[in-house]
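Engineer: Just to be clear, the model below is a prediction. Sequence and coordinates:
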Amino acid sequence: MLSIENLHAHYGLSHVLQGVSLQAGPGEVVGLFGRNGVGKTTILKSVAGWVPASSGAIRFDGVDLAGQTPDAIARLGLGLVPEDRRIFPGLSVEENLRLGLRQCPGRARRENEQAIGQAFARFPRLAERRRQLGTTLSGGEQQMLAMARVMVGTARLLLIDEPTEGLAPMIVDEIFAIITELKRAGLTILLVEQNIHRALDVADRFYAVERGRITLHGEAASPADRARLMEMVAV
Ligand SMILES: Nc1ncnc2c1ncn2[C@@H]1O[C@H](COP(=O)(O)OP(=O)(O)OP(=O)(O)O)[C@@H](O)[C@H]1O
């Protein structure tokens, strides 16, 4: 479904991704782990077209994503839930949610309304606050809104960047419950998460990143692979 081969990316002269290769199959949850600043976010942003690849290939269902705009990539069915959540402060909760519909311009209005209805049914807290400005939401609610916004589109692959960062433990549970539900619904997910144990409980496989390279990959269910990962990311 997603295949990244020998991806390189730069910020100016800084060579941030130095030959990343990874795969995610249909319906898989794949964890992406590593210390701060090793390039995890840049991998997600390259896939979503927010950061251009210097070289290498990114294919989604066989389609080469090179040179495509973020909007075009989103319309192919790739949804990025960024770390900073990108909730528009001047827009209401519902207006923020409806921005997700821009990714499916050809879809019937009735289907769009159904998707909005389903999102509000799934996130009753957002439904209660639908007319409030996005900025009045708590961090957890903003994260839910960011996830709901990609869910109302036609995304089949979600790229989720540190969804539980800065959230209280109870809300973290809720976010992981949502990710588990998305997995059950058959979505493919590439998940960057500092809370490695929790992420491994929902993931099928994982990759570890060090200085812009993948240095380990393994099965989430394998105690030996988990032990190797924990050894590597331990400070
Ligand atoms: N817009 C940018 N311009 C220049 N350098 C950047 C930019 N964004 C990130 N970097 C640098 O690129 C490197 C990789 O950053 P990236 O955010 O991909 O890492 P990360 O593994 O996701 O880390 P974190 O967990 O801190 O988000 C870091 O050294 C970072 O400082």
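Structural biologist: In hand now; what should we look at?

Engineer: Sketch out the strands for the chain, chain order is fine.
Structural biologist: With DSSP state E as the criterion, the chain has strands at 2-11, 14-24, 29-33, 55-60, 63-64, 78-81, 157-161, 188-192, 205-210, 213-219.

Engineer: buried residues in the third one?
Structural biologist: Yep, that's strand 29-33 we're talking about. Neighbour-count burial for strand 29-33, counted by 16 or more other CB atoms under 10 Å, picks out 29-33. To be clear about C-beta, it is placed using only N, CA and C from the backbone, and glycine gets the same treatment.

Engineer: what angle sits between it and strand 188-192?
Structural biologist: Angle, strand 29-33 to strand 188-192, by axes from the mean of the first three to the mean of the last three CA atoms, to 10 degrees: 20 degrees.

Engineer: Tell me which residues are up against strand 29-33.
Structural biologist: For strand 29-33, contacts defined as CB atoms under 8 Å, 6 or more residues apart in numbering pick out 22, 24, 40, 43-44, 179, 183, 188-193, 196, 199-200, 202-209, 220, 229, 233.

Engineer: The same query, at a cut-off of 7 Å, please.
Structural biologist: 24, 40, 43, 183, 189-193, 196, 199-200, 202-209, 220, 229, 233 (CB atoms under 7 Å, 6 or more residues apart in numbering).

Engineer: from those, which are also near the ligand?
Structural biologist: residue 40 (CB under 6 Å from any ligand atom).

Engineer: sorry, back to before: make CSV from the strands of the chain and add distance to residue 87 to it.
Structural biologist: Listed next are these as CSV, based on distance: least, CB to CB, whole Å:
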stretch, distance to residue 87
strand 2-11, 25
strand 14-24, 26
strand 29-33, 23
strand 55-60, 26
strand 63-64, 29
strand 78-81, 11
strand 157-161, 14
strand 188-192, 19
strand 205-210, 27
strand 213-219, 31
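
Engineer: TSV please, covering those and showing mean pLDDT.
Structural biologist: Listed next are those as TSV, based on pLDDT from 0 to 100:
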stretch	mean pLDDT
strand 2-11	97
strand 14-24	97
strand 29-33	98
strand 55-60	97
strand 63-64	94
strand 78-81	92
strand 157-161	96
strand 188-192	98
strand 205-210	97
strand 213-219	97
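
Engineer: Would you mark the buried spots in the longest helix belonging to the chain?
Structural biologist: Counting by DSSP state H, the longest helix found in the chain is helix 169-184. Buried residues in helix 169-184, defined by neighbour count with 16+ other CB under 10 Å: 171-172, 174-176, 178-179, 182-183.

Engineer: Let me know the average pLDDT across that helix.
Structural biologist: Computed over helix 169-184, the mean pLDDT rounds to 92.

Engineer: Does it pack against any helices or strands, and if so which?
Structural biologist: helix 139-151, strand 188-192, helix 196-202 (3 or more CB pairs under 7 Å, 6 or more residues apart in numbering; DSSP states H and E).

Engineer: Redo those as CSV? Include distance to residue 18.
Structural biologist: Listed next are those as CSV, based on distance: least, CB to CB, whole Å:
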stretch, distance to residue 18
helix 139-151, 29
strand 188-192, 18
helix 196-202, 23
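
Engineer: would you turn these into JSON lines with mean neighbour count?
Structural biologist: Formatted as JSON lines, the helices and strands packed on helix 169-184 follow (neighbours: other CB atoms under 10 Å):
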{"stretch": "helix 139-151", "mean neighbour count": "22"}
{"stretch": "strand 188-192", "mean neighbour count": "23"}
{"stretch": "helix 196-202", "mean neighbour count": "18"}
